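In: Got a predicted structure here, sequence first:
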Amino acid sequence: MADVDSATCPRRPGHGPALAVVTPTHGRAALVAGMLASLQGARAGTGTEVEVLVVDSSGPAEAAHIAQACHGTGARYLRGPLSVRAKRNLGVRNTCAPVVLFLDSDCRADPDLLREHLAVWTGAGATMAGASGLTRFVGEPNWVWRIAEHTPFLDAFGFAERFPGVQWAVTNNLSFSRTVLEQLGGFDEGLPYRLGWDDIDLCLRATRGGYYILTAPHAVVYHEKATWNSLGGLVSRAWRWGRLRFWALRKHPWLKRTDPPKQSAMTLVAAGLLGAAALTRHTWWPLALLALWVPLTGLLLAATRALSHRWTLRDLGDEWAAEGLMSLHDLATGLEALRHGSPVWLFQRLIFSDGHLEGEYAGEVLRSWAHIAMLGLTGLALWLTR
């Protein structure tokens, strides 16, 4: 983990910026320009000095556009590595502001964003680590976005409307104490992939260490749906976050709950049962059923939810596709665990103790029961064709 050391501040204490905004980016020149333009009005409304730093790893052409946008809006432009975690740490090291707001490049600031974040920090005690703002998604949705809405992947963006304080938050709109960042050593650059779960990890280390994180429901950013409208991007998120969930469990074992039967465990039981049937009966149809196991289970689960929600056929299809994504997410976690010699993950869940993911947990339980029902139907099919 890279250390986040105190920045060299040329000004006297109390005379530097009250807040620094740090935005990591790679490409996205047009989105960065829009984000910086939105910060102009927000900075003017604070009545105090706010520093903006963009840490960029783009190629020469886009880097020139981003640097020009920074120059035109009074933001500082820094070159950084590809890792988003390392970019954020670099931004923290290059400011002397006592509070750092992490803002993503595909977000636009509400005019009151900075003022609302600063208001939460007014009179904050020494054990306050951060403040999580609210994210509202804007832009034209497509069919991929509709699928994403049926997953729990978007839940954390609305925590500020649901909770007065949180155990963890996402860093597209999160202000953090610079002192606490230094004490924690910043974002963990040792996690796999160049982005993902580092915000959750940072917050969990803070709250586990006795700090607290408040929410700021009036500190709003507007997130472009366009960066979620790609099927490849959504599948990549599900796979990456599934793998990183294993590392979160390894780093934060107090979140672990033994709770069989788990989806991945049930799938392995089905694979063993149907594989044995194919070998002993010298027939191919159990293998065909195995290939259809996840789609059929997802359809069963989607149909169960559709009955209670009065969904249309399109809603049913979106839920079915979302179940496929969640199966991929779970598979990625299981494979990462097996790859590192930890098959016990097949019988464990990652549960956050303060109820922030109660909806996801309920979905996991329902998903497990859908697999149990499929196992029962499979057993019945094998018995009838014996």
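Out: Everything's here; your move.

In: switch to C-alpha atoms for all contacts and neighbour counts from now on
Out: Will do.

In: Run through the protein and note the low-pLDDT ranges.
Out: Applying pLDDT under 70 to the chain flags residues 1-15, 259-262, 308, 344-345, 352-364.

In: So what are the sheet partners of the biggest strand by length in the chain and their directions?
Out: Scanning the chain for the strand with the most residues, using DSSP state E, yields strand 212-224. Paired strands of strand 212-224, with direction, are strand 107-109 (antiparallel), strand 128-138 (parallel), strand 165-166 (antiparallel) (DSSP bridges).

In: any residues touching the helix or strand just after it, and which ones?
Out: Using DSSP states H and E, the next helix or strand after strand 212-224 towards the C-terminus is helix 231-251. Here helix 231-251 makes contact (Cα atoms under 8 Å, 6 or more residues apart in numbering) with 144, 148, 191-193, 196-197, 201, 228, 255-256, 325-326, 328-337, 345, 350.

In: For the longest strand of the chain, what is the distance to the chain centroid?
Out: Centre-to-centre, strand 212-224 and its host chain are 15 Å apart (Cα atoms, centre = their mean, to the nearest Å).

In: export it as PDB, just CAs?
Out: This file holds the C-alpha atoms of strand 212-224, laid out as PDB (Å, rounded to 0.1, in the frame of the first residue of the first chain):
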ATOM      1  CA  TYR A 212     -17.500   7.500  11.300                       C
ATOM      2  CA  ILE A 213     -18.800   8.600   7.900                       C
ATOM      3  CA  LEU A 214     -21.900  10.900   7.600                       C
ATOM      4  CA  THR A 215     -24.100  11.300   4.600                       C
ATOM      5  CA  ALA A 216     -24.800  14.600   2.800                       C
ATOM      6  CA  PRO A 217     -28.100  14.200   0.900                       C
ATOM      7  CA  HIS A 218     -28.000  17.700  -0.400                       C
ATOM      8  CA  ALA A 219     -24.500  17.300  -1.800                       C
ATOM      9  CA  VAL A 220     -25.500  16.100  -5.200                       C
ATOM     10  CA  VAL A 221     -23.600  15.000  -8.300                       C
ATOM     11  CA  TYR A 222     -25.200  14.000 -11.700                       C
ATOM     12  CA  HIS A 223     -23.700  10.900 -13.100                       C
ATOM     13  CA  GLU A 224     -23.900  10.200 -16.800                       C
END
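
In: begin at 52 from here
Out: Happy to do that; since the first residue is 52 now, the last one works out to strand 263-275.

In: quick one, helices of the stretch 202-351 of the chain?
Out: 210-213, 229-235, 249-259, 282-302, 314-332, 336-342, 344-360 (DSSP state H, counting those that start in this stretch).

In: JSON lines for the ones you listed, including mean neighbour count and distance to A115?
Out: Shown next, in JSON lines, are those (neighbours: other Cα atoms under 10 Å; distance: least, Cα to Cα, whole Å):
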{"stretch": "helix 210-213", "mean neighbour count": "18", "distance to A115": "36"}
{"stretch": "helix 229-235", "mean neighbour count": "19", "distance to A115": "30"}
{"stretch": "helix 249-259", "mean neighbour count": "20", "distance to A115": "28"}
{"stretch": "helix 282-302", "mean neighbour count": "19", "distance to A115": "26"}
{"stretch": "helix 314-332", "mean neighbour count": "17", "distance to A115": "47"}
{"stretch": "helix 336-342", "mean neighbour count": "16", "distance to A115": "49"}
{"stretch": "helix 344-360", "mean neighbour count": "18", "distance to A115": "47"}
